[in-house]
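In: I'd like to go over a predicted model; first the sequence, then the structure.
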Amino acid sequence: MDFVWADTEKTRGSYDFSAYDRLLESLRPFDMGALLILDYANPLYDHGAPPRTEGARRAFADWAAAAARHFAGRRVIWEIYNEPNNKMFWRPQPDINEYVALAIAVGRAFRLAAPDEKLIGPATGLDWPFLEVCFKAGLLDYWAAVSVHPYRQTDPEEAANDYCRLRKMIERYRTRSSSDGDPRTSLASSNGEIPIISDEWGYSSGWRGMSEEKQGALLAREMLTNLANDIPISIWYDWRDDGSDPNESEHHFGLVRNAYRDGRDQVFEPKPAFLAAQTLSVFLDGYTYQRRLPVVSDSDYFLVFSKGNELRLAAWTTSTNAHRVVVPGKQGNFRITKHNGENAGPVSAAQEGLRIELSTSPLYLIQQSANR
């Protein structure tokens with residue numbers, strides 16, 4: 001969620017975080033933390049332009065540090081800006097050097113004010129030149145993770161190659177920074193690796209060739225792809241449709257419809273994507289990704305998840321042609337649930353293995369037998 005500078009500093013040097021206090025307090029009963037985005041301009045500085053001058057950067061960094069101190073220990077991940085490479089958010093035109101200067105100022109302020117708080121960035125799409133300049137400038141020494149928005153209108157599984165490329169870039173510049181003897185303490189994980197966070201990514205059911213049913217299947221595949229690629233946090237865009245105009249694709253990223261239904265138990269009507277998210281979270285509750293099973297075609301996916309000795313499978317294909325496959329070595333009886341929560345009945349493995357029909361909509365398999 002945006003943590004808006006202009007809303008929380010309306011008098012220079014005076015901060016009012018009460019609205020976000022209420023937000024975080026409302027999350028406590030559900031054992032939830034928050035990812036808050038330090039962002040946007042403040043009309044008190046530079047006439048409401050993005051924080052690109054020294055004075056505005058200093059004020060932004062002071063405000064960010066005050067927020068980090070105020071909310072320290074309350075399970076907040078702080079992100080430095082939202083899509084600074086997009087002219088919609090960094091007017092009139094994005095400037096990587098301006099962003100880097102701001103991010104370094106905030107990183108230094110965090111280091112002094114709240115060194116145990118987690119700061120991430122840069123919250124861009126897979127803008128390789130922009131990301132590389134950030135890394136070259138040393139921002140990996142301040143960030144606990146690299147956050148990206150891997151939007152695409154193609155198969156979500158394609159993100160695996162992008163994550164691989166990004167990890168190699170992170171490793172290259174992380175190693176370079178460390179070898180230079182930079183004395184600043186890293187906020188990376190204990191093993192020194194800096195993870196990738198997918199903190200904004202979705203599919204609009206209003207896109208051409210899309211439907212609400214396909215959006216639901218793609219949500220499941222997106223989340224499963226991220227789990228299989230060691231992405232520790234995945235945030236779907238969006239919770240609620242922004243509107244109801246059938247010709248405006250931006251109105252249809254939501255898991256629920258836009259209309260507020262007063263007096264209903266569910267005040268927002270669930271879309272198929274909501275059911276997909278619900279089913280996925282129940283199916284994988286407490287389970288950890290283990291491996292992808294080898295099958296004949298690279299377009300077919302069988303992911304194994306485990307909890308203790310219990311195994312569960314997620315299976316689908318990127319091929320538009322549904323087809324049967326056999327997973328050799330799998331034995332026993334399985335119960336199949338569709339990605340939207342519908343019961344698809346039992347299936348038993350034959351002597352040659354588990355035979356199952358795959359489509360672009362994931363299936364979840366729960367093993368009912370102790371034989372594996």
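Out: Yes, it's here.

In: domains in this protein, by residue range?
Out: 2-201, 288-367 (automatic domain parsing).

In: right, and those domains - which one's nearest Met210?
Out: domain 2-201 (8.2 Å; C-beta to C-beta). Quick note: C-beta positions are derived from backbone N, CA and C, even for glycine.

In: that closest one spans what distance, first to last residue?
Out: End-to-end distance for domain 2-201: 16 Å, by C-alpha to C-alpha, to the nearest Å.

In: again with stretch 145-164
Out: End-to-end for stretch 145-164, by C-alpha to C-alpha: 15 Å.

In: and that stretch, what's its mean pLDDT?
Out: The predicted model assigns stretch 145-164 a mean pLDDT of 98.

In: neighbouring contacts of that stretch?
Out: 77, 79, 83, 118, 120-126, 131, 140, 166, 170, 194-203, 207, 218, 221-222, 225-226, 228-229, 231-233, 237, 301, 318 (C-beta atoms under 8 Å, 6 or more residues apart in numbering).

In: tell me which of these fall in helices.
Out: If you go by DSSP state H, these have Leu131, Leu166, Ile170, Leu218, Arg221, Glu222, Thr225, Asn226, Ala228 in helices.

In: can you report how many residues lie near the last one?
Out: Under the neighbour criterion other C-beta atoms under 10 Å, Ala228 is assigned a count of 20.

In: tell me how far it lies from Ala159.
Out: According to C-beta to C-beta, to the nearest Å, Ala228 stands 10 Å off from Ala159.

In: do the fourth one as well
Out: Leu218 sits 12 Å away from Ala159 when distances are taken as C-beta to C-beta.

In: picking up where we left off before, I'd like the ones in helices among the contacts of stretch 145-164 as CSV, with distance to Asp21 appended.
Out: Shown next, in CSV, are those (distance: C-beta to C-beta, whole Å):
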residue, distance to Asp21
Leu131, 34
Leu166, 35
Ile170, 34
Leu218, 36
Arg221, 37
Glu222, 32
Thr225, 36
Asn226, 31
Ala228, 37
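
In: tell me which two in those are the farthest apart.
Out: The widest separation within the ones in helices among the contacts of stretch 145-164 (C-beta to C-beta) is 26.5 Å, between Ile170 and Leu218.

In: higher neighbour count, those two?
Out: Set side by side, Ile170 and Leu218 show more neighbours around Leu218, with 24 against 21, by other C-beta under 10 Å.

In: so that one touches Tyr203, yeah?
Out: Yes: Leu218 sits in contact with Tyr203 when judged by C-beta atoms under 8 Å, with a separation of 4.7 Å.

In: for the chain, where's the lowest mean pLDDT among helices and strands?
Out: Least confident helix or strand of the chain, by mean pLDDT, DSSP states H and E, is helix 159-179 with a mean of 86.
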